Structures are given as C-alpha cells and as structure tokens.
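Trainee: Structure for this input, please:
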Amino acid sequence: MNVDRLKEKITSKGMKFTHQRLVIYRSLCNSQDHPTAEMVYNQITEENPSISMGTVYKTLESFVNAGILQKFRDDQGLMRFDPVMETHSHLYCNESSDIRDYKNPDLEELLHTFFKENQIDGFEVEEVSLVIKGKTK
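Mentor: Now for the predicted structure:
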C-alpha cells in the first residue's frame with residue numbers, strides 16, 4: 001500500500017498522520033501472518049530505532065479503536081493484529097502457529113444465512129469468523 005493510501009486510511013478516521021503510524025501500519029499490511037505487537041516491533045525497530053515498544057502497543061490499540069485494524073487472541077493466548085477489515089476466516093497451522101487469511105464468499109454467505117435463520121437466544125450475531133485448523137502442506 002502506498003504512502004498516500006496509508007495516509008488517507010489513517011486520517012479518514014480522525015487520526016493524525018505520523019511517521020510512527022505509517023511505519024507500524026505498513027508493517028501490518030506487509031505481513032501475512034497476523035503479527036503480535038512484539039513481532040511488529042521486531043520488524044520495524046532496525047530501521048526505526050526511535051520507535052519504542054510502548055509506541056507500538058499504543059498505536060495498535062488506537063488503530064483498533066479507530067476501526068482500521070482487528071485484534072484477536074490466538075490459541076496460545078497471544079494478541080494478534082489483522083489489517084483486513086472485511087469479513088473473512090483464518091487458516092491456523094497447528095504445527096507452526098502461522099495464521100493466514102481465507103476469503104471465500106460462498107462460505108461467508110452460508111454462515112451468514114445459517115445464523116440469520118438460526119437465531120441464538122439472548123445473543124445478537126454481528127459477525128461470523130471461522131478459524132480452520134490444520135497443517136500447512
């Protein structure tokens with residue numbers, strides 16, 4: 001994603017565009033494995049030694065609060081971050097703990113229709129995200 005698109009994405013949510021936010025968001029967009037805050041920090045720190053771990057944590061949380069980033073807890077209890085905001089599922093490798101996106105409009109429509117027709121008492125389904133576990137071949 002180029003700098004102008006990143007700037008638009010960040011500023012459209014009422015956030016100030018800063019070098020730190022650019023670097024952190026770009027790192028997320030270039031990652032395919034839904035990194036933790038520590039993984040983001042390790043990826044950017046060599047070229048950006050002035051960015052602290054605290055800045056990474058605060059920036060990721062501000063992105064989540066602004067609705068330009070999702071966070072979720074993996075099977076090991078680690079908080080992971082995902083810049084893809086559209087409905088999608090995840091493939092989780094049991095051997096390596098790698099996580100990658102899986103988009104299938106037919107599956108998403110099937111899940112949406114199922115929960116629309118099968119209401120859960122006392123619970124309103126807002127989004128359905130499936131985690132498909134297995135191993136990478």
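Trainee: can you give me the helices for this structure?
Mentor: 3-11, 19-30, 37-44, 53-66, 105-117 (DSSP state H).
Trainee: could you give the angle of the shortest one to helix 53-66?
Mentor: When you say that, I think you mean helix 37-44. Here helix 37-44 runs at an angle of 120 degrees relative to helix 53-66 (axes from the mean of the first three to the mean of the last three Cα atoms, to 10 degrees).
Trainee: And for residue 35, the neighbour number?
Mentor: 21 (other Cβ atoms under 10 Å). C-beta coordinates here come from the backbone N, C-alpha and C atoms, glycine included.
Trainee: cool, residue 115 as well?
Mentor: Residue 115 - counted by other Cβ under 10 Å - has 16 other residues nearby.
Trainee: how close does it sit to residue 125?
Mentor: The spacing between residue 115 and residue 125, counted by Cβ to Cβ, to the nearest Å, is 5 Å.
Trainee: Could you do residue 8 as well?
Mentor: According to Cβ to Cβ, residue 8 and residue 125 sit 31 Å apart.
Trainee: Ok, residue 48 next?
Mentor: Per Cβ to Cβ, residue 48 is found 40 Å from residue 125.
Trainee: Same check on residue 2?
Mentor: Taken as Cβ to Cβ, the span from residue 2 to residue 125 is 36 Å.
Trainee: Those two - which one has more neighbours?
Mentor: Each of residue 2 and residue 125 has its neighbours counted (other Cβ under 10 Å); residue 125 has more, 13 against 8.
Trainee: Residue 135 reaches residue 97, doesn't it?
Mentor: No: at 10.9 Å, residue 135 does not count as touching residue 97 under the criterion of Cβ atoms under 8 Å.
Trainee: Quick check on residue 135: phi, psi?
Mentor: phi -140, psi 150 (degrees, to the nearest 10).
Trainee: Who are the contact partners of it?
Mentor: 93, 94, 95 (Cβ atoms under 8 Å, 6 or more residues apart in numbering).
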